[in-house]
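Visitor: Predicted model and sequence follow; I will ask about them next.
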Amino acid sequence: MSANKVFFDTNVLLYLLSADHGKADRTESLLARGGVISVQVLNEFAAVASRKLGLSYLEIRDVLEPIRLLCRIDPMLIETHDSGLRVAERYGFSLYDSLIVAAALIAGCDTLYSEDMQDGQIIDGHLVIRNPFLPA
């Protein structure tokens, strides 16, 4: 993993299942460098893959296996919940986005890869939100 710790939002990882080959390839490239996710990301990924994409749980486990090998997975703790509420209140994000931001902050990450939030926004003075699919 690079010196900058990165956190992956669920919406970025779901491109691994996408017909958009450019975004899928970009996600694979970033993921190959490692990063951090939370149990929330695993749960959201499984829910979307099952409900919206119709994957079986066996298929979901197969897709998640390499992600679990490449990323450190942090648990969902009461600290994450409390921090998520503060993030939601301060920045106006949805609760689930706020929990992702909180998990990235608690993990000590410098970058949060997400399509759902404003590219370049800085949270608490050090976590930068980056849309990995925007031109450099």
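Guide: That came through, no problem. Numbers count the residues shown, from 1 in each chain.
Visitor: just for this structure, where's the confidence low?
Guide: 1-4 (pLDDT under 70).
Visitor: And the helices in it?
Guide: 10-13, 21-32, 39-51, 57-70, 78-91, 95-106 (DSSP state H).
Visitor: In terms of secondary structure, what does the second one contact?
Guide: Pointing back at helix 21-32 there. Taking 3 or more C-beta pairs under 8 Å, 6 or more residues apart in numbering; DSSP states H and E as contact, the helices and strands that helix 21-32 lies on are strand 6-8, helix 10-13, helix 57-70. (C-beta placed from N, C-alpha, C; glycine too.)
Visitor: next one: the fourth one
Guide: Where contact means 3+ C-beta pairs under 8 Å, 6+ apart, helix 57-70 is packed against helix 21-32, helix 39-51.
Visitor: which one of those helices is the most hemmed in?
Guide: For these, the largest average neighbour count (mean count of other C-beta atoms under 10 Å) is found in helix 39-51, namely a mean of 17.
Visitor: Convert it to CSV, retaining C-alpha atoms only.
Guide: As requested, the backbone C-alpha atoms of helix 39-51 are provided in CSV (Å, rounded to 0.1, in the frame of the first residue of the first chain):
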residue,chain,number,x,y,z
VAL,A,39,-17.7,-3.9,7.5
GLN,A,40,-20.4,-1.5,6.4
VAL,A,41,-18.9,-1.5,2.9
LEU,A,42,-19.0,-5.3,2.7
ASN,A,43,-22.6,-5.2,3.9
GLU,A,44,-23.7,-2.5,1.4
PHE,A,45,-21.8,-4.3,-1.5
ALA,A,46,-23.6,-7.6,-0.7
ALA,A,47,-27.0,-6.0,-0.4
VAL,A,48,-26.7,-4.2,-3.8
ALA,A,49,-25.1,-7.2,-5.5
SER,A,50,-28.0,-9.4,-4.3
ARG,A,51,-31.0,-7.1,-4.6
